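> The amino acid sequence is not available; the structure is as follows:
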């Protein structure tokens, strides 16, 4: 029952999607694979959302996890609510679209008990990278589109930062019409 080390292999991340708390990991936790036992259990580092530093090690069954890329793990780590992480993962089309967001893509955000259209301006790394073990979180800086179908003119204030869980719809920049309209919670052309 010697664990197979993943040293030298590409980093592999995962999220625990089911199962009870078992030796450090619980549902919604994000981890980085360190080794795999012959019984198919994953040994890994557990990341906490507050710092991006690995908190501890743990063991979890492979069948209780879902594999993630580094980018996906960074986006999910910035979502503080583990239930919201899992909810986003349950919508693979939206999660995939969020993972592929680029500058000037139009998104619809859950904002102040409503929905607001905004343009993605930057993908921000959050947290300090004090060691190679640390995983910086990723959030989106956005610029709101106001009700007159123009970008907000407040240039002096810093752009607000949102997590992937705040995004409820994605419209890639290549498919957004030039004459953008926002009406009744839907995006459409003029």
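That came in fine, so what should we check first? Model, not experiment: these values are computed from the prediction. Residues are numbered from 1 along each chain as shown.
> Distance of residue 137 relative to residue 164?
10 Å (CB to CB, to the nearest Å). The way it works is simple: take the backbone N, C-alpha and C, and place the C-beta from them, glycine included.
> Would you check how far apart residue 66 and residue 159 are?
When residue 66 is compared with residue 159 (using CB to CB), they lie 31 Å apart.
> More neighbours: which of these two?
Remark: of residue 66 and residue 159, residue 159 carries more neighbours, 19 against 13, as counted by other CB atoms under 10 Å.
> hey, what's the closest residue to the more buried one other than its chain neighbours bridged with?
Excluding the flanking residues, the one nearest residue 159 by CB to CB, 6 or more residues apart in numbering is residue 141, at 4.2 Å. On the basis of DSSP bridges, residue 141 takes part in beta bridges with residue 122, residue 161.
> Residue 139 versus the spatially most central residue of the chain, what's the distance?
Central residue of the chain (CA atoms, centre = their mean): residue 75, 2.2 Å from the mean position. Using CB to CB, we find residue 75 at a distance of 8 Å from residue 139.
> Quick check, pLDDT for residue 170.
Confidence at residue 170, expressed as pLDDT, is 92.
> Ends of stretch 57-74, what's the gap?
18 Å (CA to CA, to the nearest Å).
> Going by neighbour count, list what's buried in that stretch.
Using 16 or more other CB atoms under 10 Å as the test for burial, stretch 57-74 gives 57-61, 64-65, 68, 72-74.
> Max pairwise distance over the residues you listed: which two?
Spatially, the most separated pair among those is 61 and 74, at 24.1 Å (CB to CB).
> residue contacts, residue 159?
Residue 159 sits next to 121-122, 141-143 when contact means CB atoms under 8 Å, 6 or more residues apart in numbering.
> Might you report the residue contacts of the residue nearest to the centre of the chain?
Counting by CB under 8 Å, 6+ apart, residue 75 has contacts 98-99, 137-138, 163-164.
> Just give the number of residues close to residue 127.
Burial of residue 127 is recorded as 18 neighbouring residues (other CB under 10 Å).
> What separation is there between it and residue 66?
Look at residue 127 and residue 66: by CB to CB, they are 23 Å apart.
> In this model residue 135 seems to touch residue 125, though I could be wrong.
No. Under the contact definition of CB atoms under 8 Å, residue 125 does not touch residue 135, with a separation of 10.2 Å.
> Residue 160 versus residue 42, what's the distance?
When residue 42 is compared with residue 160 (using CB to CB), they lie 36 Å apart.
> Please identify which of those two sits among more neighbours.
The neighbour count for residue 42 versus residue 160, taken as other CB under 10 Å, is higher for residue 42 (25 against 17).
> can you pull the pLDDT of that one?
87.
> Residue numbering should commence at 507 henceforth.
Let's use 507 as the start, then, which means that last one is residue 548.
> so what strands line up beside the helix or strand that contains it?
Assigned by DSSP states H and E, residue 548 belongs to strand 547-553. Strand pairing for strand 547-553, determined by DSSP bridges: strand 536-542 (antiparallel), strand 560-567 (antiparallel).
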